[in-house]
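[1] generate coordinates for the sequence data below:
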Amino acid sequence: MAVFGVLAASLGVVGLVAPDALLTVMGFEPVPAGGRADGDHTLVFLTSSSMAALNMGVYYVLAALADWKAFFRWTVPFRLLTCAVFTLAVATGRAPAGFLGVGLWEGLGAVVTGFALRYDKRAAVRTEARA
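    Residues are numbered from 1 along each chain as shown. Below is the predicted model:
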């Protein structure tokens, strides 16, 4: 959880400081300075999602430091939903193929988190059984 949090916060900072770099990482072609049409709000949405990623990253790090298992459990279904939505966005042509990595990262993170929670729960039961 802490690793995901640090990565999310870091990418949020990148999006706020160097939005074109973040667009490139996600598989989008940046528009040269002055090349955006009137009414193109790409940078507004990128700023909003980058700020959300920064905040979310901090939440994840704080939850990891507090070992807040309930928070970890809540993330699993929502990260799987995010995986599905982002993967469908690529499959339907709404997003470039490079964006698939974002969906897969979310899906993999959800699966790993789910297995880790299950492992911890079983380990706790074994420890209680020995006591």
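[2] quick one: low-confidence residue ranges for this structure.
    Applying pLDDT under 70 to the chain flags no residue at all.
[3] hey, where'd the helices end up in the chain?
    2-17, 19-25, 42-65, 69-91, 100-130 (DSSP state H).
[4] what does the second one rub up against?
    Contact with helix 19-25 is made by Leu11, Val14, Gly15, Glu29, Pro30, Leu43, Leu46, Thr47, Ser50, Gly98, as judged by Cβ atoms under 8 Å, 6 or more residues apart in numbering. Using the backbone N, CA and C atoms, a C-beta is placed for each residue, glycine as well.
[5] and those, which is closest to Trp74?
    Among the contacts of helix 19-25, Leu11 lies closest to Trp74 (Cβ to Cβ), at 21.1 Å.
[6] any idea how far that closest one is from Glu128?
    Counting by Cβ to Cβ, to the nearest Å, the gap from Leu11 to Glu128 is 40 Å.
[7] who has more neighbours, those two?
    Neighbour totals were compared for Leu11 and Glu128, and Leu11 leads with 20 against 8 (other Cβ atoms under 10 Å).
[8] these two touch, right, the more buried one and Met51?
    No: if you go by Cβ atoms under 8 Å, Leu11 and Met51 don't touch, sitting 11.5 Å apart.
[9] how about the nearest residue to Gly107 once chain neighbours are set aside, what does it touch?
    Closest residue to Gly107 apart from its sequence neighbours, by Cβ to Cβ, 6 or more residues apart in numbering: Cys83 at 3.4 Å. Cys83 makes contacts with Gly103, Leu104, Glu106, Gly107, Ala110, as judged by Cβ under 8 Å, 6+ apart.
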